[in-house]
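Undergrad: Quick one, fold the following:
(chains A and B)
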Number of protein chains: 2
Amino acid sequence: MESKNQAITSRDVDFAQWYTDVCRKAELMDYSPVKGFINYLPYGYAIWEGIRDFADRLFKEKGAENVYLPSVIPMSMFAKEKDHVEGFAPEILVATVGGGNKLADPLVIRPTSEILFSDLYKRLVKSYRDLPKRFNQWCSVVRWEKTTRPFLRGSEFLWQEGHCLFETEKEANDNALEMLGVYDRIGRECLAIPFLKGKKSKHETFAGAVATYSIEALMHDGKALQAGTSHYLGQGFAKAAGISFQGRGNALETPYQSSWGISTRLIGAVIMVHGDDNGLVLPPMVAPVQTVIVGIRANDEKVKAACEGLYEELRKLGIRAKLDIDPGKTPGWKFAEYEMKGVPLRIEIGPRDLEKGIASLAIRFSGEKRNVELASLPSQIPALLKEIQEGMYQAAKKRLEASIVDVEGIEELNKALEKGGYARMAYCGEEECELKIKEITKGGTARVIYKEGVEGKTCPVCGRPATVVAYFAKAY
Amino acid sequence: MESKNQAITSRDVDFAQWYTDVCRKAELMDYSPVKGFINYLPYGYAIWEGIRDFADRLFKEKGAENVYLPSVIPMSMFAKEKDHVEGFAPEILVATVGGGNKLADPLVIRPTSEILFSDLYKRLVKSYRDLPKRFNQWCSVVRWEKTTRPFLRGSEFLWQEGHCLFETEKEANDNALEMLGVYDRIGRECLAIPFLKGKKSKHETFAGAVATYSIEALMHDGKALQAGTSHYLGQGFAKAAGISFQGRGNALETPYQSSWGISTRLIGAVIMVHGDDNGLVLPPMVAPVQTVIVGIRANDEKVKAACEGLYEELRKLGIRAKLDIDPGKTPGWKFAEYEMKGVPLRIEIGPRDLEKGIASLAIRFSGEKRNVELASLPSQIPALLKEIQEGMYQAAKKRLEASIVDVEGIEELNKALEKGGYARMAYCGEEECELKIKEITKGGTARVIYKEGVEGKTCPVCGRPATVVAYFAKAY
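TA: Residues are numbered from 1 along each chain as shown, chains lettered A, B, ... in the order given. As a prediction, this is how the structure comes out:
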C-alpha cells in the first residue's frame, strides 16, 4: 500500500524511523531537555489515562487498594535485599544533597518499590488476620538508561506496581498468576493486543524474585515486546525487611510476597502492533477520540446543524466524539490528520449525503467505508466501536499465531528469528545456554516458557537433556 | 462534649496531638522510614482520588489538558529564572549520581515545574494560532522540609500543577482568577469547606510571580490554612526560557503565563475543618465509604438478608456503600470505628427494627438520629447525602464568618489573633511591616487582601498611609 501521508517514513522501509515519526506526528510525546526523559503530550497522556482507568477498575475488583509511598529510598535500606540491589545498582539515580546539605544516607530515586512496601507491611501486619494485603501504586519510576526510545525504554516512565503479602506460598504465587490473567484481559479488552503469557526463564527472572511471569506481544516488525510482568517473590524481601506475623498456630511466621506491573510501555505496544503507513491506529477503548465527525462544506448551514446534532447525540451516549466543522482546512487535510491520530471511526457528512439522508463512515484499522442512514446512525455507533475493537484484536491474534514456528537446532532458530516472530524450541533452561543463543542469533532471547518437562530432546547448545520449551524471539 | 472514643486526644485539649491521632487512628497515613516523607495508606489515598477525580473533571471543562513532564530538572535550567531559583534553592533535593557516574549537570528533583513547562511551550508555540495552551500535570513534588506534619507540610506531596500560556496579559491574569474560582467550587461542592479567596500581599507572592491568588480556610483551632494558589506569572518565565510567537501583527511577541495548584494538603484541611473528638468527619463527596450498613445481631438470617438487600440497592444507585454484618465485633465497636473513619451516614438494622419495618440512621457530622421506613430508604439516600454535604458546608461557613473581626492597631490585632480566626486590618502593604507584624503577633501573617485602595487610614506599624486591608491570621 502506498503511503498516503508523505510526512512519515514507510513502516516496512524503516520500522524504527516509522515508529519515531508516528510518536512525533501524532503528537504523543516531545523530547524533553533532560537527556533520556520525555514529555508526555496531551494526546499520549490521554491514552495512558484510558489504560490506567481501565486497569484500575479491574485491580479494584480483585481487591487491590491504592496507596502512595515515597519516591525516594534510603541507600541503606535499598542495599538490604542482595539480589535486588545487584540487579538495580547499575541503573539508579541517587540524590546526595538535600536542603543544601550533604545527605548522610543518600536517597535512591525509586526504580521500583519492593523495599518500601516490605517496610510498610512490617508495621501493618502483626497477625494472619491482617493478611492478605493487596496494595497498588500508580507513580513514575526512574531507571538510568543509556539508550532510550519513546515509551519503550526511558530514564523515567509511568507505571503501576502492585505489592501483595500473603500467609502462604500458594496464595502469593496464585496472585502473581491471577494478575497476569488481568493483564491478559487488559490486552484483549482495552489494547486489542493478544499476548503470549507464561513464566520467564531463570536468566530473565526479576532481581530478587523466585518466579517471574510475563505477557509478550508481537510488534509489526516481528520483534517481541515484554508488556508487563508479575512476580512471585517468595520470602526474600519479607526476610530482609524483618516482616513476621503470628500464624494460625500462634508461632511467628514469614509471609510470602508478589508484585506486578504494567507501564507506559503499553503505549509503545499499541503503536507498534496496530499502526500503519498513515500513522497511529487506536483501539476504541483507549482512543482519546473514538469518533470524529467531519463536515464536508461545513459552511453549509444544514451540514453544520446535522454535524452538531450528531455530535450531541454521540456525547449523550458516552462516546468520546470530536466535531470538526472548521472551514479553514480541506477534508483531505482533515482525513490525513485524523488518520495520523488513529481515530477509530470517522463520520463524514456533506450536502449530497444529507440529501440522501446518509453519512459515510470510514473505519481506520480496516480502511473499510460504509454508507449508513443518518437517522439510525447514533444508535449503531456503540456496537460498531465494539466490532472495531474485536476486529483489531482478532487481526493482531492472527498475525501473532501465524508468526509462531516450532524449530529444532540453532540453525533453524536463527532462520526463524531472522524472519521475525516467535520460534518455539526445547533447551536445557540454563542461563549460560541462553546467553550463547543470544550471541549466536544476534539478540534472540527466551521470552516465556511454553512447556515445562520435555522428554527425549537435547539442548542444541550444550547437548544435555532439554527440560523446557520456550518461545524465542528478538525483543525490544 | 465528652470524648466517646478514649483512644484519641480531645480536640480542644491539644489540637496538634488530636490531629496526629486522627491521621493515625483513621488509618490515613503511616510515617515512612524516609525522614519527612509519609506513606499514604488506602483510606487516605482514596480521599485524594476523590478530590483528584472531582477536580480533574472541572479542569477539563475549563479546557485543561493533562500531560506528564520529567520529575527532574537540570540544575543549569533551574537557575535561569532568578527570583524562582532564589525562592526554591533552600528546599531542593539534588541528584548528583546517575548509572554510577557523577552527573556533569546535577538534577533537581522537581519542587514545581514552571521551568520545564516553559521549555516545552518554547517548542510547541510558534504563532498566536497555537495559543492559548492549558496544560495540567498530576504528580508528586519534593521540597526538603525541616519540620513536617502529615498532609500539611512534608518533603514530598501529591498535587496538580496547571501551567498555561496566553497571548495577552489579561487572559493570563483572568485564567489565574478563573482557576481560583474553580478551587472555590471544589471547596464547596467536594470538600464542604468555605474559603476566603483573594490576592496575596507582596511578601507572600510566589517566587517569580507577578501576582499570587490564594484560597484560605479556617481550621477548628482558629488557625488559617492556605489550601491552594493560582499565580499570574507575567512574562518572566517565558523570557527566561526564550518563548516567543508570531503575533497577529506578524511581529514576534512574548506570551504571558499562569500556574495554579492544589495538593494533598486539602486532606489536612478536611480533617481540621470537620473533625471532632470521635475522629474524622468526611463530606459525602470525598468519603471513600459514604454509607455503612451495620447489622445488629447480624447472625439473625432476616437481618442479614435485609442488610445485604439494602447494600445491593445502594450500590446500584452508585453510592459508595459498605456492608458490615461481621458477627465477631459488637455494634459499639463498629459505631466507634466508623465514626473514627468519618463515614457520613450509618444505617443500623436490627431484629426489632425489622419487625417495625424501619432502619435507624445516624448522621456523623450533626450526631442526629432518624428512624426511616425501610422500604423507602434507598431512594432517600442520595438526597440525604446531598443534605449532609450542604449542611457541613453551611456549618463551616458560619464558623468562618463568625471568626472574622475588623481591627485597628497592633494591640487589637494581637488580641484577635490570640483568640483565633481572621482579623481584617488596614496597613501599608509593604514587606517590612508584614515581617514586623509577624514578629509582634508571634506568627500573624497577611493571608489574602480583602480590599485594595483605602482612604484615611494609616499603617499601624510604619505610620504611613494604609493602602490595603488584609485578612490577618496565624497560619499553618
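Undergrad: Centre of the chain to the helix or strand harbouring residue A:108, how far?
TA: Secondary structure assigned from DSSP states H and E places residue A:108 in strand A:101-109. For strand A:101-109, the separation from the chain centroid amounts to 33 Å (computed by C-alpha atoms, centre = their mean, to the nearest Å).
Undergrad: In PDB, list the C-alpha atoms belonging to whichever helix or strand comes after it.
TA: Secondary structure here is assigned by DSSP H and E; on that basis, the next helix or strand after strand A:101-109 toward the C-terminus is helix A:114-124. Presented in PDB, the C-alpha positions along helix A:114-124 are these (Å, rounded to 0.1, in the frame of the first residue of the first chain):
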ATOM      1  CA  GLU A 114       9.600  -3.600  46.800                       C
ATOM      2  CA  ILE A 115      11.800  -2.300  49.600                       C
ATOM      3  CA  LEU A 116       9.400   0.400  50.800                       C
ATOM      4  CA  PHE A 117       6.300  -1.800  50.600                       C
ATOM      5  CA  SER A 118       8.000  -4.500  52.600                       C
ATOM      6  CA  ASP A 119       9.000  -1.900  55.200                       C
ATOM      7  CA  LEU A 120       5.400  -0.700  55.300                       C
ATOM      8  CA  TYR A 121       4.000  -4.200  55.700                       C
ATOM      9  CA  LYS A 122       6.400  -4.800  58.500                       C
ATOM     10  CA  ARG A 123       4.500  -2.200  60.600                       C
ATOM     11  CA  LEU A 124       1.000  -3.000  59.300                       C
END
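Undergrad: quick one: the strand holding residue A:108 to strand B:101-109, angle?
TA: For strand A:101-109 against strand B:101-109, the angle by axes from the mean of the first three to the mean of the last three C-alpha atoms, to 10 degrees is 90 degrees.
Undergrad: For strand A:101-109, which helices and strands make contact with it?
TA: Counting contacts by 3 or more C-beta pairs under 8 Å, 6 or more residues apart in numbering or on different chains; DSSP states H and E, strand A:101-109 is packed against strand A:72-74, helix A:75-78, strand A:93-98, strand B:93-98. Where C-beta positions appear, they are placed from N, C-alpha and C, glycine not excepted.
Undergrad: for it, which positions count as buried?
TA: Of all the residues in strand A:101-109, those buried under the rule 16 or more other C-beta atoms under 10 Å in any protein chain shown are A:103, A:106-109.
Undergrad: ok, now stretch A:290-304?
TA: Quick answer for stretch A:290-304 (16+ other C-beta under 10 Å): A:290-296, A:298, A:300, A:303-304.
Undergrad: Dump the strand holding residue A:108 to CSV, restricted to CA.
TA: Output in CSV follows, covering the C-alpha atoms of strand A:101-109 (Å, rounded to 0.1, in the frame of the first residue of the first chain):
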residue,chain,number,x,y,z
ASN,A,101,23.4,19.8,53.0
LYS,A,102,25.2,16.6,52.0
LEU,A,103,22.9,13.6,53.0
ALA,A,104,24.4,11.1,55.4
ASP,A,105,22.3,8.4,53.8
PRO,A,106,21.9,9.2,50.1
LEU,A,107,18.5,8.7,48.5
VAL,A,108,17.8,6.4,45.6
ILE,A,109,15.1,7.8,43.3
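Undergrad: Parallel or antiparallel, list what pairs with it.
TA: The sheet places strand A:101-109 alongside strand A:72-74 (antiparallel), strand A:93-98 (antiparallel), with pairing taken from DSSP bridges.
Undergrad: Most tightly packed of the ones you listed?
TA: Per-stretch averages of neighbours, counted by mean count of other C-beta atoms under 10 Å in any protein chain shown, single out strand A:72-74 among the strands paired with strand A:101-109, with a mean of 26.
Undergrad: which residues sit against that strand?
TA: By C-beta atoms under 8 Å, 6 or more residues apart in numbering or on different chains, the residues outside strand A:72-74 that reach it are A:95, A:105-110, A:113, A:115-116, B:33-34, B:37, B:93, B:109, B:142, B:156.
Undergrad: hmm, back to that, would you list the buried residues of strand A:101-109 in JSON lines and tack on distance to residue A:351 and pLDDT?
TA: Shown next, in JSON lines, are the buried residues of strand A:101-109 (distance: C-beta to C-beta, whole Å; pLDDT from 0 to 100):
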{"residue": "A:103", "distance to residue A:351": "70", "pLDDT": "97"}
{"residue": "A:106", "distance to residue A:351": "69", "pLDDT": "97"}
{"residue": "A:107", "distance to residue A:351": "65", "pLDDT": "98"}
{"residue": "A:108", "distance to residue A:351": "64", "pLDDT": "97"}
{"residue": "A:109", "distance to residue A:351": "58", "pLDDT": "98"}
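Undergrad: Now flag whichever of the buried residues of stretch A:290-304 is closest to residue B:197.
TA: For residue B:197, the nearest member of those is residue A:290. The distance, counting by C-beta to C-beta, is 37.9 Å.
Undergrad: Neighbours of the residue nearest to that closest one when sequence neighbours are not counted, how many?
TA: Counting by C-beta to C-beta, 6 or more residues apart in numbering or on different chains, the nearest residue to residue A:290 once its immediate chain neighbours are dropped is residue A:320, at 4.5 Å. Residue A:320: 17 surrounding residues under other C-beta atoms under 10 Å in any protein chain shown.
Undergrad: Put the alpha carbons of stretch A:215-227 into CSV.
TA: Coordinates of the C-alpha atoms in stretch A:215-227 are reproduced here as CSV (Å, rounded to 0.1, in the frame of the first residue of the first chain):
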residue,chain,number,x,y,z
ILE,A,215,3.0,-11.0,28.9
GLU,A,216,4.7,-10.7,25.5
ALA,A,217,3.3,-9.1,22.4
LEU,A,218,4.4,-9.3,18.7
MET,A,219,5.3,-6.0,17.1
HIS,A,220,4.7,-5.4,13.4
ASP,A,221,8.4,-5.8,12.6
GLY,A,222,8.4,-9.3,14.0
LYS,A,223,10.1,-8.4,17.3
ALA,A,224,8.7,-9.3,20.7
LEU,A,225,7.8,-6.7,23.4
GLN,A,226,7.6,-7.6,27.1
ALA,A,227,4.4,-5.7,28.0
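Undergrad: Give me the mean pLDDT for that stretch.
TA: This predicted structure assigns stretch A:215-227 an average pLDDT of 98.
Undergrad: now do stretch A:329-338
TA: Rounded to a whole number, the mean pLDDT of stretch A:329-338 is 95.
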